[in-house]
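In: Pasting the sequence and the predicted coordinates here, then a few questions.
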Amino acid sequence: RIQLQQRFLNTNRAWQVTGIDRTQNGLMRLFCELTEMSSEDNFELGIANYNKYFHQYTISFSNPQPIKMTEGNTTQLDTVVKDNGSTVTPIPPITYTTLDETIATVNEKGEVTAIGEGTVMVTAKLTNNSEATASIEIQVAKATPEPTGYSITLFYGKSPTIRIGGFGTTITATVSANGETISDKPVDWSARNEDGSETPKVQFLDVTDTSCRMQGLDDMDSVGTFVIVKATLREDSTIFAEQSFQLRSLF
């Protein structure tokens, strides 16, 4: 199988076949000349062009590292496979795995989907050569809820006051979106003392999905202090409206 121009190693030098004489039965005479050594040659094993016959695969990623994602998003791993330093195309079969699928999943195409907040390593491995492997860090951030465009307006009469005793003060919450009133969006009501004290100075007499009636507690020491009434959109707690009310005596 020896061919013209074939290279081989002998006496720690590189040779090249320049002629072959097969005229005598059972004898093959080779005419050889010294040639330049190559980085592909392995003199320890005595094999010329060694790296052309034996594969040395490596895997890497060209994505910025670490990959930063937000819950629900998907990104493509840009996987690079090299053999003896040369890029392999098309890419041979690769097996992708993730250490924690509650943070991120990965499919057979290298598409990573962010599932939950946290950090996880995703690994790529040549399916037919498990020694060629590489890992990349995936950082998943919690998704920020998209703004709904809703707003809440509170209506309470001529002035923001709540009487101690009597019928009480009625407060109505109107939910709107882009200037349009939305009638089927309920709110939840709460109240807190403006001075930070724990015991509420007011009580709810009647509460509906869109209104509440409040009365100050029968405590004359509370006269002149303030409470903050809050209406929160039931389906999205990030949307609310607050109003400060001064407690007044009944007379």
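Out: Structure received.
In: remind me which residues of the stretch 101-250 of the chain are low pLDDT?
Out: 145-148 (pLDDT under 70).
In: Please, where are all the helices along this structure?
Out: Along the chain, counting by DSSP state H, helices occupy 50-53.
In: Leaving out chain neighbours, which residue sits closest to the residue positioned nearest the centre of it?
Out: Centroid check for the chain by Cα atoms, centre = their mean gives residue 69 as the closest residue, at 2.4 Å. Take residue 69 and drop its neighbours on the chain: the residue closest to it by Cβ to Cβ, 6 or more residues apart in numbering is residue 114, 4.0 Å away. (Each C-beta comes from the backbone N, C-alpha and C, glycine too.)
In: ok, now which ones touch that neighbour?
Out: Contacts of residue 114 were listed using Cβ atoms under 8 Å, 6 or more residues apart in numbering, and they are 69, 70, 71, 72, 73, 74, 103, 104, 138, 140.
In: In the sheet, which residues pair with it? Tell me.
Out: Beta-bridge pairing for residue 114 (DSSP bridges): residue 104.
In: what does the top strand by length along the chain contact?
Out: In the chain, taking DSSP state E as the definition, the longest strand is strand 129-141. Identification of contacts with strand 129-141 by Cβ under 8 Å, 6+ apart yields 55, 57-61, 63, 65-71, 77, 79, 81, 98, 103-104, 112, 114-126.
In: Which parts of that strand count as buried, going by neighbours?
Out: Neighbour counts using 16 or more other Cβ atoms under 10 Å place 132, 133, 134, 136, 138, 139, 140 of strand 129-141 among the buried residues.
In: what does stretch 3-15 give?
Out: For stretch 3-15, using 16+ other Cβ under 10 Å, the buried residues are 7, 8, 9, 14, 15.
In: coming back round to it: with only the CA atoms kept, save the longest strand of the chain in CSV.
Out: C-alpha atoms of strand 129-141 as CSV (Å, rounded to 0.1, in the frame of the first residue of the first chain):
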residue,chain,number,x,y,z
ASN,A,129,-16.9,10.3,22.0
SER,A,130,-17.7,10.9,25.7
GLU,A,131,-14.2,12.3,26.4
ALA,A,132,-15.0,15.4,24.4
THR,A,133,-17.1,17.5,26.7
ALA,A,134,-17.7,21.1,27.8
SER,A,135,-19.9,23.0,30.2
ILE,A,136,-21.4,26.5,30.3
GLU,A,137,-23.0,28.4,33.2
ILE,A,138,-26.6,29.5,32.8
GLN,A,139,-27.8,32.3,35.2
VAL,A,140,-31.6,32.6,35.3
ALA,A,141,-33.2,35.8,36.7
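In: Turn the buried residues of stretch 3-15 into TSV, columns for pLDDT and distance to residue 154.
Out: As requested, these are exported to TSV (pLDDT from 0 to 100; distance: Cβ to Cβ, whole Å):
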residue	pLDDT	distance to residue 154
7	93	89
8	94	92
9	94	90
14	95	90
15	96	95
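In: re the thing from before, how far is the longest strand of the chain from where the chain is centred?
Out: Relative to the chain's own centre, strand 129-141 is displaced by 15 Å; criterion: Cα atoms, centre = their mean, to the nearest Å.
In: Just checking: what are the partner strands of that strand?
Out: Strand 129-141 is paired, per DSSP bridges, with strand 67-70 (parallel), strand 118-126 (antiparallel).
In: now residue 243, nearest residue through space, not along the chain?
Out: residue 154 (5.0 Å).
In: do residue 16 as well
Out: Nearest non-adjacent residue to residue 16, counting by Cβ to Cβ, 6+ apart: residue 35, 4.1 Å away.
In: Quick check: phi and psi at residue 28.
Out: Taking degrees, to the nearest 10, you get phi -130, psi 120 for the backbone angles of residue 28.
In: which residues touch it?
Out: Taking Cβ under 8 Å, 6+ apart as the test, what residue 28 contacts is 2, 20, 21, 22.
In: quick one: which two of the residues you listed are the most distant?
Out: 2 and 21 (11.6 Å; Cβ to Cβ).
In: Overlap of the contact sets of these two?
Out: Counting by Cβ under 8 Å, 6+ apart, the contacts common to residue 2 and residue 21 are 28, 30.
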